[in-house]
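Enquirer: need a structure here:
(one chain, ligands or ions: 1)
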Amino acid sequence: MIIYIDGKFYPEEKAKISVFDHGLLYGDGVFEGIRAYAGRVFKLDEHLSRLEDSAKAILLKLPWSRAEIRSAVLETCRRNKMKSGYLRLVVTRGKGYLGLSPDRCKKPTIIIIATKLELYPAKYYRNGLTVVTGATWRQSPAALDPGIKSLNYLNNILAKIEGQLAGAQEVILLNPQGLVSECSGDNIFFIRDGVLITPKLSSGALNGITRATVLELAREAGWIAREDDVRRYDLFTCEEMFLTGTGAEIVPVVEVDGRMIGTGKPGKRTAELMHLYHQLVTTTGTKIPR
Ligand code: PXG
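Expert: As a prediction, the model looks like this:
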(Lines give C-alpha, C1' and ligand atoms only; values in the text may rest on other atoms or scores of the structure.)
Protein backbone atom coordinates (compact mmCIF):
# COMPACT_ATOMS: atom_id res chain seq x y z
CA MET A 1 0.00 0.00 0.00
CA ILE A 2 1.36 3.40 -0.98
CA ILE A 3 0.13 6.38 1.00
CA TYR A 4 0.13 10.02 0.02
CA ILE A 5 1.14 12.58 2.65
CA ASP A 6 1.73 16.23 1.80
CA GLY A 7 2.80 15.73 -1.78
CA LYS A 8 4.92 12.60 -1.30
CA PHE A 9 4.24 8.88 -1.49
CA TYR A 10 5.30 6.45 1.26
CA PRO A 11 5.01 2.71 1.87
CA GLU A 12 2.61 2.03 4.73
CA GLU A 13 5.33 1.49 7.40
CA LYS A 14 6.88 4.86 6.53
CA ALA A 15 3.62 6.80 6.30
CA LYS A 16 3.75 8.82 9.53
CA ILE A 17 2.67 12.18 10.82
CA SER A 18 3.68 14.22 13.87
CA VAL A 19 2.28 13.47 17.35
CA PHE A 20 1.76 17.26 17.49
CA ASP A 21 -0.67 17.14 14.57
CA HIS A 22 -3.95 18.68 15.75
CA GLY A 23 -5.87 16.05 13.82
CA LEU A 24 -4.58 13.58 16.43
CA LEU A 25 -4.50 15.88 19.45
CA TYR A 26 -7.96 17.41 18.99
CA GLY A 27 -9.73 15.71 16.10
CA ASP A 28 -9.19 19.05 14.38
CA GLY A 29 -9.63 18.28 10.70
CA VAL A 30 -12.00 16.97 8.05
CA PHE A 31 -12.22 13.89 5.85
CA GLU A 32 -13.96 12.04 3.04
CA GLY A 33 -14.60 8.36 2.37
CA ILE A 34 -14.67 7.77 -1.39
CA ARG A 35 -15.07 4.68 -3.55
CA ALA A 36 -13.68 3.53 -6.85
CA TYR A 37 -15.43 1.01 -9.08
CA ALA A 38 -14.06 -0.57 -12.26
CA GLY A 39 -11.26 1.96 -12.73
CA ARG A 40 -13.30 5.09 -11.95
CA VAL A 41 -13.71 7.21 -8.85
CA PHE A 42 -17.40 7.62 -8.07
CA LYS A 43 -18.70 11.19 -7.47
CA LEU A 44 -15.18 12.50 -6.92
CA ASP A 45 -16.10 16.16 -7.39
CA GLU A 46 -19.07 15.85 -5.02
CA HIS A 47 -16.69 14.52 -2.36
CA LEU A 48 -14.13 17.26 -3.04
CA SER A 49 -16.86 19.87 -2.82
CA ARG A 50 -18.09 18.51 0.53
CA LEU A 51 -14.48 18.44 1.79
CA GLU A 52 -14.10 22.12 0.83
CA ASP A 53 -17.33 22.96 2.64
CA SER A 54 -16.27 21.05 5.77
CA ALA A 55 -12.89 22.82 5.73
CA LYS A 56 -14.50 26.21 5.24
CA ALA A 57 -16.90 25.60 8.12
CA ILE A 58 -13.99 24.99 10.53
CA LEU A 59 -11.92 27.90 9.14
CA LEU A 60 -9.33 25.55 7.74
CA LYS A 61 -7.96 27.17 4.60
CA LEU A 62 -7.02 24.50 2.07
CA PRO A 63 -3.71 25.54 0.51
CA TRP A 64 -4.40 23.35 -2.55
CA SER A 65 -6.79 23.89 -5.44
CA ARG A 66 -9.59 21.45 -6.26
CA ALA A 67 -7.56 20.34 -9.30
CA GLU A 68 -4.48 19.64 -7.18
CA ILE A 69 -6.40 17.51 -4.69
CA ARG A 70 -8.21 15.72 -7.52
CA SER A 71 -4.95 14.79 -9.24
CA ALA A 72 -3.38 13.68 -5.92
CA VAL A 73 -6.35 11.34 -5.37
CA LEU A 74 -6.12 9.92 -8.90
CA GLU A 75 -2.34 9.54 -8.69
CA THR A 76 -2.72 7.65 -5.38
CA CYS A 77 -5.16 5.27 -7.08
CA ARG A 78 -2.78 4.83 -10.00
CA ARG A 79 0.26 4.09 -7.84
CA ASN A 80 -1.75 1.53 -5.87
CA LYS A 81 -3.02 -0.02 -9.12
CA MET A 82 -6.48 0.42 -7.70
CA LYS A 83 -9.49 -0.41 -9.86
CA SER A 84 -12.14 -0.91 -7.19
CA GLY A 85 -11.66 0.03 -3.57
CA TYR A 86 -11.96 2.61 -0.87
CA LEU A 87 -10.20 5.96 -0.54
CA ARG A 88 -9.78 7.92 2.64
CA LEU A 89 -8.94 11.58 2.15
CA VAL A 90 -7.95 13.33 5.38
CA VAL A 91 -7.02 16.96 5.96
CA THR A 92 -5.88 17.94 9.44
CA ARG A 93 -5.14 21.36 10.91
CA GLY A 94 -1.50 20.29 10.79
CA LYS A 95 1.44 20.17 13.19
CA GLY A 96 1.16 22.60 16.09
CA TYR A 97 1.80 22.60 19.84
CA LEU A 98 -0.11 21.44 22.89
CA GLY A 99 -2.89 23.95 23.24
CA LEU A 100 -6.16 24.15 21.39
CA SER A 101 -5.49 27.24 19.37
CA PRO A 102 -5.01 26.40 15.70
CA ASP A 103 -3.06 29.58 14.97
CA ARG A 104 0.30 27.92 15.60
CA CYS A 105 -0.47 25.19 13.05
CA LYS A 106 1.32 26.59 10.04
CA LYS A 107 0.27 24.13 7.35
CA PRO A 108 -2.56 21.58 7.06
CA THR A 109 -1.62 17.93 6.59
CA ILE A 110 -3.21 16.04 3.70
CA ILE A 111 -3.31 12.24 3.66
CA ILE A 112 -4.74 9.93 1.01
CA ILE A 113 -5.10 6.21 1.69
CA ALA A 114 -6.22 3.83 -1.04
CA THR A 115 -7.26 0.49 0.37
CA LYS A 116 -9.67 -2.42 0.17
CA LEU A 117 -13.13 -1.98 1.43
CA GLU A 118 -14.54 -3.52 4.58
CA LEU A 119 -18.15 -4.16 3.70
CA TYR A 120 -21.06 -5.55 5.59
CA PRO A 121 -21.01 -9.33 4.99
CA ALA A 122 -23.06 -10.31 1.91
CA LYS A 123 -25.76 -11.97 4.03
CA TYR A 124 -26.94 -8.56 5.23
CA TYR A 125 -27.61 -7.46 1.64
CA ARG A 126 -29.67 -10.62 1.15
CA ASN A 127 -31.42 -10.77 4.54
CA GLY A 128 -31.31 -7.20 5.84
CA LEU A 129 -29.93 -5.52 8.97
CA THR A 130 -31.24 -5.29 12.49
CA VAL A 131 -30.95 -1.76 13.90
CA VAL A 132 -31.74 -0.15 17.23
CA THR A 133 -32.18 3.41 18.42
CA GLY A 134 -29.33 4.63 20.62
CA ALA A 135 -29.55 6.69 23.77
CA THR A 136 -26.80 8.90 22.35
CA TRP A 137 -28.28 11.85 20.46
CA ARG A 138 -26.92 13.25 17.25
CA GLN A 139 -24.97 16.27 18.37
CA SER A 140 -26.76 19.59 18.08
CA PRO A 141 -25.61 21.98 15.33
CA ALA A 142 -25.13 24.41 18.20
CA ALA A 143 -22.33 22.13 19.47
CA LEU A 144 -20.68 20.83 16.30
CA ASP A 145 -22.69 20.97 13.09
CA PRO A 146 -23.28 17.39 11.89
CA GLY A 147 -22.99 18.69 8.32
CA ILE A 148 -19.25 19.05 8.90
CA LYS A 149 -17.51 15.77 8.14
CA SER A 150 -14.93 16.39 10.84
CA LEU A 151 -12.32 14.09 12.36
CA ASN A 152 -14.23 14.23 15.63
CA TYR A 153 -16.45 11.15 15.31
CA LEU A 154 -16.92 10.38 18.99
CA ASN A 155 -20.61 11.15 18.81
CA ASN A 156 -20.98 8.49 16.12
CA ILE A 157 -18.57 6.04 17.76
CA LEU A 158 -20.36 6.15 21.12
CA ALA A 159 -23.63 5.48 19.33
CA LYS A 160 -22.03 2.68 17.30
CA ILE A 161 -20.82 0.97 20.49
CA GLU A 162 -24.33 1.15 21.91
CA GLY A 163 -25.62 -0.59 18.80
CA GLN A 164 -22.96 -3.29 19.08
CA LEU A 165 -23.75 -3.86 22.77
CA ALA A 166 -27.36 -4.38 21.76
CA GLY A 167 -26.34 -6.91 19.08
CA ALA A 168 -27.46 -4.70 16.18
CA GLN A 169 -25.54 -3.92 12.99
CA GLU A 170 -26.32 -0.21 13.04
CA VAL A 171 -27.75 2.35 15.41
CA ILE A 172 -30.22 5.17 14.83
CA LEU A 173 -29.42 8.56 16.32
CA LEU A 174 -32.22 10.93 17.27
CA ASN A 175 -31.63 14.66 17.35
CA PRO A 176 -32.23 16.79 20.45
CA GLN A 177 -35.85 17.28 19.29
CA GLY A 178 -36.41 13.51 19.32
CA LEU A 179 -36.59 13.21 15.53
CA VAL A 180 -34.69 10.58 13.55
CA SER A 181 -31.50 11.99 12.01
CA GLU A 182 -29.31 9.17 10.68
CA CYS A 183 -27.27 6.14 11.67
CA SER A 184 -23.71 6.23 13.02
CA GLY A 185 -22.20 6.09 9.52
CA ASP A 186 -25.13 5.90 7.11
CA ASN A 187 -28.21 7.87 6.09
CA ILE A 188 -31.70 6.43 6.57
CA PHE A 189 -34.45 5.91 3.98
CA PHE A 190 -37.86 4.29 4.20
CA ILE A 191 -40.91 3.75 2.05
CA ARG A 192 -44.36 4.58 3.36
CA ASP A 193 -47.52 4.48 1.25
CA GLY A 194 -45.23 4.03 -1.75
CA VAL A 195 -43.35 7.28 -1.09
CA LEU A 196 -39.58 7.29 -0.51
CA ILE A 197 -38.69 9.40 2.54
CA THR A 198 -35.44 10.39 4.23
CA PRO A 199 -34.90 12.73 7.21
CA LYS A 200 -34.28 16.37 6.29
CA LEU A 201 -30.69 17.61 6.61
CA SER A 202 -31.94 19.91 9.39
CA SER A 203 -32.46 16.73 11.47
CA GLY A 204 -28.68 16.59 11.88
CA ALA A 205 -28.07 14.10 9.08
CA LEU A 206 -24.87 14.32 7.08
CA ASN A 207 -25.41 15.50 3.51
CA GLY A 208 -24.59 12.02 2.25
CA ILE A 209 -23.45 11.65 -1.33
CA THR A 210 -25.16 8.27 -1.56
CA ARG A 211 -28.30 9.90 -0.05
CA ALA A 212 -28.31 12.55 -2.81
CA THR A 213 -27.65 9.89 -5.45
CA VAL A 214 -30.54 7.71 -4.23
CA LEU A 215 -32.96 10.67 -4.18
CA GLU A 216 -31.91 11.47 -7.75
CA LEU A 217 -32.19 7.85 -8.96
CA ALA A 218 -35.63 7.46 -7.40
CA ARG A 219 -36.94 10.68 -8.96
CA GLU A 220 -35.49 9.74 -12.36
CA ALA A 221 -37.34 6.43 -12.06
CA GLY A 222 -40.56 8.38 -11.53
CA TRP A 223 -40.95 7.70 -7.82
CA ILE A 224 -42.16 10.28 -5.34
CA ALA A 225 -39.26 11.02 -3.01
CA ARG A 226 -39.12 13.60 -0.25
CA GLU A 227 -37.16 14.81 2.76
CA ASP A 228 -39.25 15.10 5.89
CA ASP A 229 -39.39 15.22 9.68
CA VAL A 230 -39.17 11.57 10.73
CA ARG A 231 -40.25 9.97 14.00
CA ARG A 232 -39.38 6.48 15.21
CA TYR A 233 -43.08 5.68 14.70
CA ASP A 234 -42.66 6.32 10.97
CA LEU A 235 -39.88 3.74 10.83
CA PHE A 236 -41.77 1.18 12.93
CA THR A 237 -44.75 1.34 10.58
CA CYS A 238 -43.04 1.67 7.19
CA GLU A 239 -43.15 -0.80 4.29
CA GLU A 240 -39.45 -0.92 3.52
CA MET A 241 -36.33 0.57 4.99
CA PHE A 242 -32.67 0.82 4.00
CA LEU A 243 -29.46 2.65 4.85
CA THR A 244 -27.12 4.44 2.46
CA GLY A 245 -23.42 5.27 2.54
CA THR A 246 -20.37 5.20 0.31
CA GLY A 247 -19.11 2.01 1.97
CA ALA A 248 -22.46 0.31 2.61
CA GLU A 249 -24.04 1.50 -0.68
CA ILE A 250 -27.73 0.57 -0.15
CA VAL A 251 -28.33 -2.00 2.57
CA PRO A 252 -31.82 -3.20 3.56
CA VAL A 253 -33.14 -3.02 7.15
CA VAL A 254 -35.65 -5.62 8.36
CA GLU A 255 -35.93 -4.87 12.07
CA VAL A 256 -35.96 -1.66 14.11
CA ASP A 257 -36.07 -1.81 17.93
CA GLY A 258 -37.72 -5.24 17.79
CA ARG A 259 -40.35 -4.17 15.23
CA MET A 260 -40.30 -6.16 12.01
CA ILE A 261 -40.20 -3.96 8.90
CA GLY A 262 -42.61 -4.94 6.12
CA THR A 263 -42.55 -8.69 5.65
CA GLY A 264 -39.27 -9.08 7.53
CA LYS A 265 -37.43 -9.51 4.22
CA PRO A 266 -35.67 -6.82 2.14
CA GLY A 267 -38.29 -4.97 0.09
CA LYS A 268 -38.83 -5.04 -3.69
CA ARG A 269 -38.32 -1.33 -4.17
CA THR A 270 -35.13 -1.43 -2.12
CA ALA A 271 -33.89 -4.18 -4.45
CA GLU A 272 -34.80 -2.00 -7.46
CA LEU A 273 -32.79 0.89 -6.09
CA MET A 274 -29.85 -1.38 -5.27
CA HIS A 275 -29.87 -2.44 -8.91
CA LEU A 276 -30.05 1.13 -10.25
CA TYR A 277 -27.29 2.21 -7.87
CA HIS A 278 -25.05 -0.64 -8.93
CA GLN A 279 -25.52 0.28 -12.60
CA LEU A 280 -24.65 3.92 -11.92
CA VAL A 281 -21.48 3.28 -9.90
CA THR A 282 -20.08 0.89 -12.47
CA THR A 283 -20.71 3.14 -15.48
CA THR A 284 -19.89 6.67 -14.25
CA GLY A 285 -17.08 8.42 -12.40
CA THR A 286 -13.67 9.96 -12.97
CA LYS A 287 -11.31 7.64 -14.83
CA ILE A 288 -8.15 6.62 -12.98
CA PRO A 289 -5.19 7.27 -15.32
CA ARG A 290 -3.08 4.30 -16.36
N1 PXG B 1 -23.74 9.76 7.86
C2 PXG B 1 -22.56 9.75 8.49
C3 PXG B 1 -22.48 10.22 9.89
C4 PXG B 1 -21.41 9.33 7.80
O5 PXG B 1 -20.22 9.33 8.41
C6 PXG B 1 -22.79 8.90 5.85
C7 PXG B 1 -23.88 9.35 6.58
C8 PXG B 1 -22.99 8.52 4.42
O9 PXG B 1 -22.44 9.53 3.60
P10 PXG B 1 -21.93 9.20 2.12
O11 PXG B 1 -21.48 10.53 1.59
O12 PXG B 1 -20.81 8.21 2.25
O13 PXG B 1 -23.07 8.66 1.38
C14 PXG B 1 -21.52 8.90 6.46
C15 PXG B 1 -20.30 8.44 5.74
C16 PXG B 1 -17.40 3.63 8.49
C17 PXG B 1 -17.48 5.03 7.98
O18 PXG B 1 -16.28 3.16 8.69
C19 PXG B 1 -18.62 5.51 7.38
C20 PXG B 1 -18.66 6.82 6.88
C21 PXG B 1 -17.57 7.59 7.02
C22 PXG B 1 -16.44 7.10 7.63
C23 PXG B 1 -16.37 5.82 8.11
O24 PXG B 1 -18.44 3.03 8.68
N25 PXG B 1 -19.84 7.20 6.29
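Enquirer: can you pull out the helices in the protein?
Expert: 22-26, 44-57, 66-79, 122-127, 154-165, 209-220, 232-236, 268-283 (DSSP state H).
Enquirer: can you list the residues of this structure near the ligand?
Expert: Counting by CB under 6 Å from any ligand atom, the positions of the chain adjacent to the ligand are 33, 156, 182, 185-187, 206, 208-211, 244-247. The C-beta positions use only the backbone N, C-alpha and C, and glycine is treated the same way.
Enquirer: Rebuild the helices of the chain as TSV, extending it with distance to Leu144.
Expert: Below are the helices of the chain laid out as TSV (distance: least, CB to CB, whole Å):
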stretch	distance to Leu144
helix 22-26	12
helix 44-57	10
helix 66-79	24
helix 122-127	30
helix 154-165	8
helix 209-220	20
helix 232-236	24
helix 268-283	30
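Enquirer: shouldn't Thr130 be in contact with Val171?
Expert: No. The criterion here is CB atoms under 8 Å, and Thr130 misses it with Val171 at 10.5 Å.
Enquirer: Neighbour count for these two, which is higher?
Expert: Of the pair Thr130 and Val171, Val171 is the one with more neighbours under other CB atoms under 10 Å, namely 25 against 19.
Enquirer: Just confirm the more buried one contacts Ala159, I think it does.
Expert: Yes. Using CB under 8 Å, Val171 is in contact with Ala159, at 4.8 Å.
Enquirer: any common contacting residues for these two?
Expert: Common contacts of Val171 and Ala159 (CB atoms under 8 Å, 6 or more residues apart in numbering): Gly134, Thr136, Ser184.
Enquirer: Turn these into a markdown table, columns for neighbour count.
Expert: Formatted as a markdown table, those follow (neighbours: other CB atoms under 10 Å):
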| residue | neighbour count |
| --- | --- |
| Gly134 | 24 |
| Thr136 | 20 |
| Ser184 | 24 |
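Enquirer: Can you give me the pLDDT of the residue lying closest to Pro102 once chain neighbours are set aside?
Expert: Computed as CB to CB, 6 or more residues apart in numbering, the closest residue to Pro102 that is not its neighbour in sequence is Arg93, at 4.9 Å. pLDDT, Arg93: 98.
Enquirer: neighbours around the residue of the stretch 51-200 of the chain found nearest the ligand, how many?
Expert: Taking CB to the nearest ligand atom, the ligand has its nearest neighbour within the stretch 51-200 of the chain at Gly185, 3.2 Å off. When counting by other CB under 10 Å, one arrives at 20 neighbours for Gly185.
Enquirer: do Asp53 as well
Expert: Using other CB under 10 Å, Asp53 has 14 other residues around it.
Enquirer: could I get the helices of the chain as CSV with mean pLDDT?
Expert: As requested, these are exported to CSV (pLDDT from 0 to 100):
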stretch, mean pLDDT
helix 22-26, 98
helix 44-57, 98
helix 66-79, 98
helix 122-127, 96
helix 154-165, 97
helix 209-220, 98
helix 232-236, 98
helix 268-283, 97
